[in-house]
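Asks: Attaching a predicted model along with its sequence, questions to come.
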Amino acid sequence: MGIILGLIIGGLAGWIASNIMRGGSFGILGNIVVGVVGGFLGSILFKLLGLASTGIIGSLVVSVVGAVVLLWIVSKVKSKA
């Protein structure tokens, strides 16, 4: 996957995850960061579960799942602080 496509998928995944978690949007750059980090986290989680993704839609699903988990972890850490 190319860098540009990865950033587009990351931004879309971050936006979808922020809407799912009702945390509000983080802006374009924030959504890209959340989506890209979520993509790494999601790929680790999917590998631990023995699942694989293929294609653009699979990458988007993995990134969204990872971004939702990332936002959930951040919300738990912020609530304790």
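Replies: Cool, the structure landed.

Asks: residue closest to the middle of this structure?
Replies: Central residue of the chain (CA atoms, centre = their mean): residue 67, 2.6 Å from the mean position.

Asks: Would you state the secondary structure element containing that one?
Replies: Residue 67 belongs to helix 55-80 when assigned by DSSP states H and E.

Asks: What helices and strands are in contact with that helix?
Replies: Here helix 55-80 touches helix 3-20, helix 27-48, going by 3 or more CB pairs under 8 Å, 6 or more residues apart in numbering; DSSP states H and E. Yep, even glycine has a C-beta here, placed from its N, CA and C like the rest.

Asks: any idea of the angle the first one forms with helix 55-80?
Replies: Read it as helix 3-20. Here the directions of helix 3-20 and helix 55-80 differ by 50 degrees (axes from the mean of the first three to the mean of the last three CA atoms, to 10 degrees).

Asks: got the contact list for helix 3-20?
Replies: Outside helix 3-20, the residues that touch it by CB atoms under 8 Å, 6 or more residues apart in numbering are 1, 24-26, 28, 30-36, 38-39, 56, 59-60, 63-64, 66-68, 70-71.

Asks: try 7 Å this time
Replies: 24-26, 28, 30-32, 34-36, 38-39, 56, 59-60, 63-64, 67-68, 71 (CB atoms under 7 Å, 6 or more residues apart in numbering).
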